[in-house]
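Asks: Predicted model and sequence follow; I will ask about them next.
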Amino acid sequence: MTDLKGKTVVITGATSGIGETTAIALARQGARVFAVGRDHARGAAVVKELTWVGGTGEFLSAAHARRKLQGTLPTLSGLFRIQHPGNPR
């Protein structure tokens, strides 16, 4: 298991499905999780689960996530390049 202590991650769609599962898994590994979604009640439930597994997290509504995170994270294009079979660069 990777130790993610001291790392911050932003998970969109974190209030259900794969996004929720990913947020919980990363919190379990020590990451601070910003869980982004539309539903405040489901977001609160996810944050409770993040805490229960020993992690830390905060829910951000999709409408407010950009404003809250602006300037705190580098631009994604500077972090990695997305590659897939249709784009071999």
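Replies: Cool, got the structure.
Asks: name the element the residue nearest in space to the middle of the chain belongs to?
Replies: Nearest residue to the geometric centre of the chain (C-alpha atoms, centre = their mean): residue 11, 2.4 Å. Secondary structure from DSSP states H and E places residue 11 in strand 8-12.
Asks: buried sites along that strand?
Replies: 9-11 (16 or more other C-beta atoms under 10 Å). To be clear about C-beta, it is placed using only N, CA and C from the backbone, and glycine gets the same treatment.
Asks: Turn these into TSV, columns for distance to residue 3 and pLDDT.
Replies: Output for the buried residues of strand 8-12, formatted as TSV (distance: C-beta to C-beta, whole Å; pLDDT from 0 to 100):
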residue	distance to residue 3	pLDDT
9	13	89
10	19	89
11	18	92
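Asks: so can I have JSON lines of those residues showing distance to residue 48?
Replies: Listed next are the buried residues of strand 8-12 as JSON lines, based on distance: C-beta to C-beta, whole Å:
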{"residue": "9", "distance to residue 48": "18"}
{"residue": "10", "distance to residue 48": "19"}
{"residue": "11", "distance to residue 48": "15"}
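Asks: Looking at those, spot the one nearest residue 24.
Replies: residue 11 (9.5 Å; C-beta to C-beta).
Asks: May I have the beta-bridge partners of that closest one?
Replies: Note on residue 11: beta-bridge partners by DSSP bridges are residue 35.
Asks: Surely it and residue 35 touch.
Replies: Yes - using C-beta atoms under 8 Å, residue 11 is in contact with residue 35, at 5.7 Å.
Asks: Residue 49: which element?
Replies: helix 40-52.
Asks: what does the average pLDDT come to for that helix?
Replies: Mean pLDDT, taken over the full extent of helix 40-52, equals 96.
Asks: Heading C-terminal from that helix, find the next helix or strand.
Replies: strand 56-61.
Asks: Give me the helices and strands touching whichever helix or strand comes after that next one, please.
Replies: Next along the chain after strand 56-61, taking DSSP H and E as the criterion, comes helix 62-69. When contacts are defined as 3 or more C-beta pairs under 8 Å, 6 or more residues apart in numbering; DSSP states H and E, helix 62-69 sits against strand 8-12, strand 32-37.
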